[in-house]
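# give me the fold of what follows.
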Amino acid sequence: MRIHHLNCISTCPLGGRLMDGHSDAFLARGELACHCLLVETANELILIDTGLGLRDVMEPKRRLSRFFLALLSPDFRVDMTAARQIENLGFRREDVRHIVLTHLDFDHAGGLDDFPNATVHLLGRERDYAFQQRTWLDRQRFRPQQWSTKHDWRTYAPGGGERWFGFERVRELEGLPPEIALVPLPGHTHGHAGVAIDLGGHWLLQAGDAYFFHAEMDGAHPHCTPGLRLYQWLMEKDRDSRLHNQERLRELRRHHADEVEVFCSHDVAEFERMAGHALHMSEDMVMHRVPAGLLPVEARSRNA
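Model prediction:
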């Protein structure tokens, strides 16, 4: 099983360094990742989240809300969509047979339309709540315009599987290898989940939006930028659950760092460390432009 780390269209929020912690100025726009995973098995491809998709790039005002377009100003680049990155790696979009979603926010599910033949897996509570469109903010974040494949979604109840490092684990996902597990992490949304991948004695946990900034996982002094702390408060559906799950993730890192690597969807430092290249570059760009011997050790090991 081989993992490709894809940044599927960065967002550039108002607030600069107050948001991302690394921009040069406070008044400039910041930069956040959209960290998706492409899992390459012997027979098929599995995508973990999709980021923003081709139609979002082509028709942003029709598919996305004015509120989030103004607030986040996505860096719309066709070549950074999951569809184009997968094709540029030498695959066909049709090779993506399954998509596992952490949740249905527009920046995680925008590329669903680009993979009409894929089966989509998510928690049932996430689908059911998103479909209700209850509040003004729900209607801005959950975008039915992106859901043309909704008839091919497979939904799951929390639990039903073996415990995973003390966390609830959804029963085995239909048609997927047992090495891929859906781990409920509610709070950011009611049906939010992480996706765990067993690489043979070592696990990756894509924690989605369970947290936003790498220092939130600091076991001794967890902290977050002011802007992202405010954004998480704005977007949370269950504050107690969100904060509780962040603490549980810190405990996981504290006691099992040698067994599990935890990362979120939007932290730039985490993405660049795991991908082995800059946020604005795709994996195929790196492999074509940089001699293999000059790649960081981490990147060479993943692409060997």
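# okay, CA-based contacts and neighbour counts for the rest of this
Fine.
# who touches Ser148 in this structure?
Contacts of Ser148 were listed using Cα atoms under 8 Å, 6 or more residues apart in numbering, and they are 112-113.
# check the secondary structure at it for me.
coil (DSSP: H, G, I helix; E, B strand; the rest coil).
# and it, how close does it get to Phe115?
10 Å (Cα to Cα, to the nearest Å).
# next: Glu216.
Distance from Glu216 to Phe115, by Cα to Cα: 33 Å.
# so for the two, which sits in the more crowded spot?
Phe115 (22 against 19; other Cα atoms under 10 Å).
# next up, the contacts around the residue nearest to the more buried one when sequence neighbours are not counted.
The spatial neighbour of Phe115 that comes closest, neighbours along the chain excluded (Cα to Cα, 6 or more residues apart in numbering), is Arg93 at 6.4 Å. Listed by Cα under 8 Å, 6+ apart, the contact set of Arg93 reads 83, 86-87, 114-115.
# of those residues - the most surrounded one?
Busiest of the contacts of Arg93 [other Cα under 10 Å] is Ala83, holding 26 neighbours.
# shouldn't that one be in contact with Leu54?
Yes - Ala83 lies in contact with Leu54 (Cα atoms under 8 Å); the separation is 7.4 Å.
# got any residues that touch both of those two?
The contact sets of Ala83 and Leu54 overlap at 111, 114 (Cα under 8 Å, 6+ apart).
# doesn't Asp267 make contact with Leu32?
Yes - using Cα under 8 Å, Leu32 makes contact with Asp267 at a distance of 6.1 Å.
# those two: which has the busier surroundings?
Counted by other Cα under 10 Å, Leu32 and Asp267 do not tie: Leu32 has more neighbours, with 26 against 22.
# what bridges to the more buried one?
Thr11 (DSSP bridges).
# for stretch 39-53, buried residues please.
For stretch 39-53, a neighbour-count test (16 or more other Cα atoms under 10 Å) marks 39-40, 45-53 as buried.
# over to stretch 171-179?
171-173.
# format those as TSV; extra columns: distance to Pro222.
TSV is the format used below for those (distance: Cα to Cα, whole Å):
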residue	distance to Pro222
Arg171	32
Glu172	33
Leu173	33
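# helices - which of these land there?
If you go by DSSP state H, the buried residues of stretch 171-179 have nothing in helices.
# how about CSV for these, with distance to Asp107 and pLDDT added?
Below are the buried residues of stretch 171-179 laid out as CSV (distance: Cα to Cα, whole Å; pLDDT from 0 to 100):
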residue, distance to Asp107, pLDDT
Arg171, 26, 93
Glu172, 26, 93
Leu173, 23, 95
